[in-house]
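Trainee: Requesting a structural model of the entry that follows:
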Amino acid sequence: MIIYKANRFYFLPILFVPLLAIVPLLEGGIPLDQKRLVGYLILSGLSVLLAVIPFFTRLEVGADSVKNYFLGLCTSTIKQEDVVVINYGNLLRGGLGYGKGLNIKTKKGLSKSYSVGEKFWGREAVMHAYNVLAPGKVLEIDEEQNKLIGKEELKGGIGIAVSVLFFFAGLGITDSYPSFLKFIIPISALSILGWIIYIVVKSRK
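Mentor: Take a look at the predicted model:
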């Protein structure tokens, strides 16, 4: 059994998002009311949460299984006997910055779809996981996953872009605007998270 640690710098760039968002708040002369503060705290909290995830995760590759741990708790187990399909390619269709790795489908398990990414775990961990889950099998490259961005990923990307635009637009809303518009900031922050989850779920079906 070998334990692999995640790339701790993988999500750190996301911390620039709340830093960029605070610029218009400080320089725009806009009062920081409760709605803006809540929205900014949600965005900052999500960014920090994502940034620290790699510090508390590990990949355990055993003799016939691959396990993922978060905060010491096993979050997923992929057994060799349960693997139906395993191939190497983009983790998301078109790449989208997530890089390459193993896309795995199993006949048992909570989600039945898993991935082991090179950027997050390293190439050695990916190759080790493949050798354990597909012993004696030549590494297959999923050409379909290497093609252009799919419809669902494109839809999710547009959703994230629109949500980000609404978030920054919400920073400029003053008391002279209708009160319901002040909810744009927290709603758009949650919308960003929702679209990220949408892309991940749809791309792994």
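Trainee: neighbouring contacts of the host helix or strand of Ala51?
Mentor: Counting by DSSP states H and E, the element that carries Ala51 is helix 34-52. The contact list for helix 34-52, computed with CB atoms under 8 Å, 6 or more residues apart in numbering, reads 11-12, 14-15, 17-18, 21-22, 25, 30, 167, 170-171, 182-186, 188-190, 192-193. Using the backbone N, CA and C atoms, a C-beta is placed for each residue, glycine as well.
Trainee: other SSEs contacting the helix or strand hosting Val162?
Mentor: Using DSSP H and E, the secondary-structure element containing Val162 is helix 151-170. Contacts defined by 3 or more CB pairs under 8 Å, 6 or more residues apart in numbering; DSSP states H and E place helix 151-170 against helix 16-27, helix 34-52, helix 184-203.
Trainee: rerun at 7 Å
Mentor: Using 3 or more CB pairs under 7 Å, 6 or more residues apart in numbering; DSSP states H and E as the contact criterion, the elements in contact with helix 151-170 are helix 184-203.
Trainee: what angle sits between the helix it packs on and helix 34-52?
Mentor: What separates the directions of helix 184-203 and helix 34-52 is an angle of 30 degrees, with axes from the mean of the first three to the mean of the last three CA atoms, to 10 degrees.
Trainee: Check the model's average confidence along helix 184-203 for me.
Mentor: Helix 184-203 shows a mean pLDDT of 72.
Trainee: For that helix, name the packing helices and strands.
Mentor: helix 34-52, helix 151-170.
Trainee: For stretch 9-18, buried residues please.
Mentor: Within stretch 9-18, the residues that qualify as buried by neighbour count (16 or more other CB atoms under 10 Å) are Tyr10, Phe11, Val17, Pro18.
Trainee: Please name the nearest non-neighbouring residue to the third one.
Mentor: Taking CB to CB, 6 or more residues apart in numbering as the measure, Val17 lies nearest to Ser47, with 5.2 Å between them; neighbours along the chain are not counted.
Trainee: What is the burial count for that neighbour?
Mentor: 21 (other CB atoms under 10 Å).
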